[in-house]
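1. Okay, here's the prediction I keep looking at, along with the sequence it came from:
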Amino acid sequence: MDVSSPSIWEPFLSDGLLPAICIPAGTRGSSPTFADYCFSNDAPCAPGCRVAASAHSLAPSFADAGSWGTAPTITLDFQLDASFSAPIDGQVVFVPFSCTAEVMASNAPGSYAISFAPDGTPSVLPQVPDLLGASISNCAVIGDVAGVANDLLDGLNGQVAPRIEEIGLGIEDFVQPVPEPDRRALLGVAILILAWRARGSRREAPARARRGPARRSRAERTLPPRC
């Protein structure tokens, strides 16, 4: 197993692990100016707006602290795309309107920092992509209803963030150094740690220790033992 290969980590951030992200229905304002959004059923959101989210450009990298006894760190960088369509009905000063806003975020950067305690216990710290800068198009009138655009962006960011953190817990379990022969990541992580420690011991071992014990002279080898 090559833990430096993105394919090892892709299952954690595939479309299948980012399902059923829903923006809940909501209302902003009141008559004569208001807007209802995400009021339709968009399975499995009932009601709500279903978010399509996927990660790409996975790039694992490795580093260590450079001191003996410190385990390496794996950083898994990725980019996230997320989008949804939000049906909106309402009125502006008694004038009704209806539209479907398209909310889209592309290539939002995120990462997971996977570190190991001296006993090998892993810890995963996620950096959640910031989706508050997503674009909103196809419904300019929502600018006339205070708070609708912010609700949509806050909803996107707020619903995706817990899922990214949940995936981090799955990665933590994946690299958990427990003695189970069927644990897929155990071998790869063990090889990574052992290889790192081997490099460290070669750097720090004295030259004489690497060459082995000094050879005795011919005279020392032929002298009889002392009583």
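-> Yep, that arrived. Numbers count the residues shown, from 1 in each chain.

2. I'd assumed Ile88 was in contact with Glu102.
-> No - the criterion here is C-beta atoms under 8 Å, and Glu102 misses it with Ile88 at 11.1 Å. For glycine as for every other residue, the C-beta is placed from the backbone atoms N, C-alpha and C.

3. joint contacts of those two?
-> Taking C-beta atoms under 8 Å, 6 or more residues apart in numbering as the criterion, Glu102 and Ile88 both touch Cys139.

4. and the nearest residue to Gly48 once chain neighbours are set aside, how many neighbours?
-> Nearest residue to Gly48, sequence neighbours excluded (C-beta to C-beta, 6 or more residues apart in numbering): Cys22, at 4.0 Å. Around Cys22 there are 19 other residues, counting by other C-beta atoms under 10 Å.

5. Same question for the one 5 residues further on.
-> By other C-beta under 10 Å, 15 other residues sit near Thr27.

6. Over to Ile88?
-> The local packing of Ile88 (other C-beta under 10 Å) involves 22 other residues.

7. For the residue nearest to Gly48, give its distance to Pro87.
-> As judged by C-beta to C-beta, to the nearest Å, Cys22 and Pro87 stand 14 Å apart.

8. Leu58 now?
-> 34 Å.

9. Tell me the strands beside the longest strand along the chain, with direction?
-> In terms of residue count, the longest strand belonging to the chain (DSSP state E) is strand 95-116. Take DSSP bridges as the rule and strand 95-116 pairs in its sheet with strand 73-92 (antiparallel), strand 122-127 (antiparallel), strand 135-137 (antiparallel).

10. Make a markdown table out of those strands and add mean pLDDT and distance to Gly147.
-> Below are those laid out as a markdown table (pLDDT from 0 to 100; distance: least, C-beta to C-beta, whole Å):
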| stretch | mean pLDDT | distance to Gly147 |
| --- | --- | --- |
| strand 73-92 | 92 | 12 |
| strand 122-127 | 89 | 28 |
| strand 135-137 | 95 | 13 |
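
11. Can you lay out these as JSON lines showing distance to Thr27?
-> Compiled in JSON lines, those are given as follows (distance: least, C-beta to C-beta, whole Å):
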{"stretch": "strand 73-92", "distance to Thr27": "8"}
{"stretch": "strand 122-127", "distance to Thr27": "32"}
{"stretch": "strand 135-137", "distance to Thr27": "18"}
